[in-house]
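Enquirer: fold the stuff below for me.
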Amino acid sequence: MFVLEEKIWFWLLLVIPAIVLLFLIFKFWQKRTRGKFAKNDMLKYLVPNRSRSKPVIKLILILLAIASLVVALVNPKMGTKLKTVKREGVDIVFAIDVSKSMDAEDIAPSRLEKSKQLVSQIINDLGSDRVGIIAYAGGAFPQLPITTDYSAAKMFLQGLNTDMISSQGTAISDAIELATTYYDDDQQTNRVLFIISDGEDHEGNVETITEEAAKKGIRIYTIGVGTEKGGPIPIKRGGVIQNYKKDNQGETVITKLNPETLKEIAGAADGSYIEGNVTANVTERVQEELQNIEKTEFEAKQFADFQSHFQWFLGLGLALLFLDIFVLERSTAWLKKLNLFNERKKKGIENESK
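Expert: Below you'll find the predicted structure:
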């Protein structure tokens with residue numbers, strides 16, 4: 001199994017073609033300058049030990065050294081060793097509202113983007129808890145099952161948008177019902193559901209489903225994103241606002257945060273309502289709530305124990321740079337024997353032409 005930890009460093013490989021281009025420009029300039037000083041035959045007498053291959057060899061050594069050092073920065077990890085680990089924590093499911101009202105920009109950059117920021121920061125502060133993600137609008141759809149892979153959770157989180165579910169509305173009841181299927185009844189873990197929404201366009205009576213969730217030991221916290229003053233719902237094309245949503249009378253629709261619905265849901269399931277406009281306040285409050293919940297041991301999980309191998313590439317890069325120091329640009333006997341650039345053949349042709 002093979003993993004590249006910091007792929008962003010691969011951008012440094014763009015230095016290689018830049019160096020090659022500069023080398024070619026320099027050689028062209030050098031050739032023209034020498035041509036103005038003396039003819040080629042005269043240069044051979046003036047500089048008999050000048051090598052055509054040594055500069056190319058030095059360039060190749062430098063390029064290989066740069067490539068090796070870049071790979072070292074990327075930090076390749078390899079390993080197939082499996083370790084069994086026991087974890088203690090809470091099973092947490094995030095149900096995120098992706099209805100069109102979440103595009104409103106009464107809270108920067110938008111309600112949905114703010115929701116994603118909040119969830120991402122909450123995940124950053126978790127220890128060994130498991131997380132899952134649900135997206136809902138007119139219906140609820142699973143995005144990520146319960147997992148300890150926080151990187152995967154953030155990846156799925158960033159993919160959420162208001163166009164992913166065609167049916168519009170805010171079917172919180174469907175989200176709660178779907179969340180009840182996320183938890184493993186056999187393990188009897190403590191369960192938490194975070195509903196992140198503006199609470200508007202609420203469909204259906206959630207009291208019954210909320211009570212059923214509470215009976216199954218699911219504690220529900222709601223996070224309200226948006227302002228009670230509200231804002232218009234932008235209609236975008238290619239990320240650019242074209243217009244704003246209007247009602248049947250042609251008036252611009254103003255969507256507002258509805259905290260009362262969210263408070264009712266949280267209160268019915270032994271949870272609480274959290275105002276989501278300030279990220280630091282939300283994460284602090286979430287941490288306080290999670291600390292008061294007893295941790296449960298999860299079933300043992302197996303994962304690959306990867307070991308870093310950057311040191312090999314670092315050593316290779318430094319060795320190549322060290323070798324480059326001792327490669328002089330003048331010709332040597334062993335290199336003449338290799339005749340990399342067919343110099344003997346060219347000299348023979350020149351002698352015959354004379």
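Enquirer: which SS state does residue 160 fall under?
Expert: coil (DSSP: H, G, I helix; E, B strand; the rest coil).
Enquirer: now the helix or strand where residue 146 lies: average pLDDT?
Expert: Assessed by DSSP states H and E, residue 146 sits inside strand 140-147. What strand 140-147 shows for mean pLDDT is 90.
Enquirer: partner strands of that strand and their direction?
Expert: strand 130-136 (antiparallel) (DSSP bridges).
Enquirer: ok, and what's touching the strand it pairs with?
Expert: Contact partners of strand 130-136, identified using C-beta atoms under 8 Å, 6 or more residues apart in numbering, comprise 87, 89-98, 119, 123, 140-148, 150, 153, 156-157, 160, 164-165, 170-172, 174-175, 178-179, 182, 189, 298. Yep, even glycine has a C-beta here, placed from its N, CA and C like the rest.
Enquirer: now do the strand holding residue 146: distance to the chain's middle.
Expert: Distance of strand 140-147 from the chain centroid (C-alpha atoms, centre = their mean, to the nearest Å) equals 19 Å.
Enquirer: also stretch 219-238?
Expert: 25 Å.
Enquirer: please apply the same query to stretch 274-290.
Expert: 24 Å.
Enquirer: coming back round to it: show me what counts as buried in the strand holding residue 146.
Expert: Buried residues in strand 140-147, counted by 16 or more other C-beta atoms under 10 Å: 140, 143, 144, 146.
Enquirer: does the last one really touch residue 93, like I thought?
Expert: This points to residue 146. Yes: Residue 146 lies in contact with residue 93 (C-beta atoms under 8 Å); the separation is 7.4 Å.
Enquirer: overlap in contacts of those two?
Expert: By C-beta under 8 Å, 6+ apart, the residues touching both residue 146 and residue 93 are 131, 132, 182, 183.
Enquirer: can you list contacts of stretch 272-285?
Expert: Outside stretch 272-285, the residues touching it (C-beta under 8 Å, 6+ apart) are 107, 114-115, 117-118, 121-122, 125, 196, 221-225, 227, 259, 262-263, 266-267, 286, 289.
Enquirer: what do you get if the cut-off is 7 Å, keeping everything else the same?
Expert: For stretch 272-285, contacts defined as C-beta atoms under 7 Å, 6 or more residues apart in numbering pick out 107, 114, 117-118, 121-122, 125, 196, 221-225, 259, 262-263, 266.
Enquirer: in strands, which of those fall?
Expert: Judged by DSSP state E, the subset of those located in strands is 196, 221, 222, 223, 224.
Enquirer: for the top helix by length along the chain, which positions count as buried?
Expert: If you go by DSSP state H, the chain has its longest helix at helix 15-37. Within helix 15-37, the residues scored as buried using 16+ other C-beta under 10 Å are 23, 34.
Enquirer: and stretch 228-242, by the same measure?
Expert: 230, 231, 232, 233, 234.
Enquirer: from the residues you listed, pick the one nearest residue 53.
Expert: residue 234 (63.3 Å; C-beta to C-beta).
Enquirer: which strand residues bridge the closest one?
Expert: Beta-bridge partners, per DSSP bridges, of residue 234: residue 244.
Enquirer: close enough to count as contact, it and residue 242?
Expert: No: with contact defined as C-beta atoms under 7 Å, residue 234 does not reach residue 242; the gap is 8.1 Å.
Enquirer: export stretch 135-146 as CSV, just CAs?
Expert: C-alpha atoms of stretch 135-146 as CSV (Å, rounded to 0.1, in the frame of the first residue of the first chain):
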residue,chain,number,x,y,z
ALA,A,135,-27.5,15.9,3.3
TYR,A,136,-31.2,16.9,3.1
ALA,A,137,-33.6,19.3,1.4
GLY,A,138,-36.9,18.0,0.2
GLY,A,139,-35.6,14.6,1.1
ALA,A,140,-32.6,13.2,3.0
PHE,A,141,-29.8,11.3,1.4
PRO,A,142,-26.8,9.5,3.0
GLN,A,143,-23.4,11.1,2.1
LEU,A,144,-20.9,9.3,4.4
PRO,A,145,-21.5,6.3,6.8
ILE,A,146,-20.1,6.3,10.3
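Enquirer: need the helices for this protein, in chain order.
Expert: 15-37, 40-46, 54-74, 111-124, 150-158, 172-179, 207-215, 259-268, 279-291, 310-326, 333-338, 343-353.
Enquirer: who wins for proximity to residue 250 among those?
Expert: Of all the helices of the chain, helix 111-124 comes closest under C-beta to C-beta, at 24.1 Å.
Enquirer: who touches the strand holding residue 146?
Expert: Everything outside strand 140-147 that qualifies as a contact, by C-beta under 7 Å, 6+ apart, is 91, 130-135, 152-153, 156, 165, 171, 174-175, 178, 182.
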